[in-house]
Structures are given as structure tokens and as C-alpha cells.
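# predicted model and sequence below, questions to follow.
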Amino acid sequence: MELSVVVPTLNGREQLKRSLDAINDHVPAAETIVVNGPSSDGTTGMIREREDVDVLLELSDRNVNVARNAGIGVATGDAVGLISYRLAVEPSWYEAAADALVDGADAVTGPTHRTLRAGMTTESEETRTYAGRSVSFCNGDNVVFDRDAIEAIDGFDEYLETGGARDVSHRLAAVDRSVTWAPEMSVRGEYGADGGRTQYDWGWRHQSVAYQLCKNYGVHHSTIRRMTGLALRDAAGVAKDVFRGDVELSAWLGNGRTVMGGVLRGCKDGFAARSRDGTAAKNPNGLADRHDRVVELYDWR
């Protein structure tokens, strides 16, 4: 297996150092590609001083799916991995990925181990059914694709600012490509001292989900059910914060308006995307259609 590893990064120089060190230690003979865009913390200088990075791409766009596609576009391996700059591959990572691909996986993904003050948290395999289609989800911060598989769906959808990996999973399932869960293909990261709570951009969270569902499944009762269910769960969660006094009622009402606006935009744009790309790949904003945002290319291969 000839492996290319793409590491998108943004203003995370110290975390990126740890991630690259781990790749150098645990992933033999990989082509390493860093996609930086655009950082203001000295990342470029740090990368140029290293000898274990093969390609550095400087982008003008902060969208992680743009960065992922840019890295995939210059990769030469017959397998392409994506690792977040915040994460470090563990010693078993490479062997687990290689074994799964040799066994016929089109994509292989694994858990993120995160250290908390009270111990460690991890993730497990996630598979759900949408409109009669079984979808196994990949972790966009820890995944390796067979090149034929990622090209079959034309990479990531650059419309999306969040949810790109879940959209890829829907589209892989649509073209009968498999996502394999490999527990030993693990990466490690750290939360803050107390773990912290996830902070959502509520509009984009719901716009992303609505876009993915409408683009990939069109008008279907499961599409409406899942969008409504997510909105109600989020509304109930924030309502608890209002009850405890952590959030003002006006903010909760404002979130509701933001969510509805996101859903409407996502539905409109999702149906438009579905109309533009009638293939199973459902990606009118992918590798073949991308507008190159690379402003500087350093290629040391």
C-alpha cells in the first residue's frame, strides 16, 4: 500500500508538530501533505524547517473540506488518509488501516481517544439507516480511503463548512462502497482541563444536516423526520439551560429562528445540488468542480 496522509491545519502549530511527529514515528514511508489555510502563527516556517513533510499547500480558504480536497488532489498514493492536526496517530494505526484495505475496505476509520481529568473517552462504530440505505459513518479526522473510492464520489462537498465526513459516508453508501470500522486504527487527542462543551454554530449545524439529507435522499419521510427530530432535541437541550438560568429566554428564541433559517437554506441548496448532479455521487462541489484556492505550493518530493 502506497499511502498519502493529508493533514489540514489552521493556527495550530504546536498541535500540528505533535501530529506530524506521530506520523513520522508510526506510519512508515508515507507521503505527508500539510494543507495550511490560512494560518498566522508561523506554521509555514515550522513546516519548511522539517524534513518529514513532502508537500505544503497554502490556501486562501478556511473551509476544512476545501483543504481535504486540495490535499487529495496532489496526493499520489493509492490510499489517502486524513488526520486532523489536533490528533496523533497511535502505534497500531498504520497496520490496522493497511489490513482493512488489503481485506477489501473502500474506506477505513477508527476511534479518537481523548484524555479527560476523570479518565478517557472514545468513540464507537456508528451505522444508521436512511431511506432504506444502511450508512456506516467515517470520522473525517481519522480516515483512510482507497483512492478509487474517494474519486468515485469526487471527494468532499465544498459547500459544507461542517458535516463533510458524514456527507461522504452517505455518498459512499450510495455507490455501494464500504466503510470499515477498525478499533486499532486509533488516534489520540486531549480536551481542555474540564473537557468543555461543544459550541455549535446553530444555523450551520442545521443547514448542513438539511442540505445533506435533501441532496442525498430528496423528498422522503425519513428526511423530514430526521431534520425535525434534531431540531426538537436541540431545542429541548437549550430549554434545559434556560430552566437552569444558564441561557436567557431571548437567546433560546433567537436560536430557534437561526435554526429555522438554516433548515430552509439547507433544504433549498440541497435540492438544487441534487438537481445539478443526478449521479449517485451527488457532489456538484467536489474535486472535479473545485476552484483552486492554493496560493502557494511547496513540493519537496
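Cool, the structure landed.

# quick one: the strands in the stretch 101-250 of the chain, in order.
For the stretch 101-250 of the chain, the strands defined by DSSP state E, counting those that start in this stretch cover 107-109, 112-116, 119-121, 127-130, 133-136, 142-146, 179-181, 187-190.

# send me the second one as PDB with only the CA atoms.
The one in question is strand 112-116. In PDB, the C-alpha atoms belonging to strand 112-116 read as follows (Å, rounded to 0.1, in the frame of the first residue of the first chain):
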ATOM      1  CA  THR A 112     -10.400   9.100  18.800                       C
ATOM      2  CA  HIS A 113      -9.100   8.500  22.300                       C
ATOM      3  CA  ARG A 114      -9.400  11.700  24.400                       C
ATOM      4  CA  THR A 115      -7.900  12.200  27.800                       C
ATOM      5  CA  LEU A 116     -10.100  13.800  30.400                       C
END
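
# and the angle for it with strand 142-146?
In terms of direction (axes from the mean of the first three to the mean of the last three C-alpha atoms, to 10 degrees), strand 112-116 departs from strand 142-146 by 170 degrees.

# ok, strand 112-116: who's next to it in the sheet?
Sheet pairing here is set by DSSP bridges, and for strand 112-116 it gives strand 119-121 (antiparallel), strand 187-190 (parallel).

# ditto for the first one
Partner strands for strand 107-109, per DSSP bridges, with pairing direction: strand 142-146 (antiparallel), strand 179-181 (parallel).

# residues in contact with the shortest one?
Spelled out, it's strand 179-181. Defining contact as C-beta atoms under 8 Å, 6 or more residues apart in numbering, one finds that strand 179-181 is touched by 100, 103, 105-110, 125, 136-138, 169, 172-173. Bear in mind the C-beta positions are built from the backbone N, C-alpha and C, glycine included.

# if we go to 10 Å?
Where contact means C-beta atoms under 10 Å, 6 or more residues apart in numbering, the residues beyond strand 179-181 that reach it are 96-97, 99-101, 103-111, 123-127, 135-139, 143-145, 149, 168-169, 172-173.

# quick check: buried residues in it?
Judged by neighbour count (16 or more other C-beta atoms under 10 Å), strand 179-181 contains these buried residues: 179-181.

# pLDDT of that strand, averaged?
In this model, strand 179-181 carries a mean pLDDT of 97.

# now do stretch 50-66
For stretch 50-66, the mean pLDDT works out to 94.

# so what pLDDT did Ala173 get?
Note on Ala173: pLDDT of 97.

# dump the strands paired with strand 107-109 into CSV; add distance to Val294 as well.
As requested, the strands paired with strand 107-109 are exported to CSV (distance: least, C-beta to C-beta, whole Å):
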stretch, distance to Val294
strand 142-146, 21
strand 179-181, 29
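
# comparing the strands of the stretch 101-250 of the chain by mean pLDDT, which bottoms out?
Least confident of these, judged by mean pLDDT, is strand 119-121 with a mean of 63.
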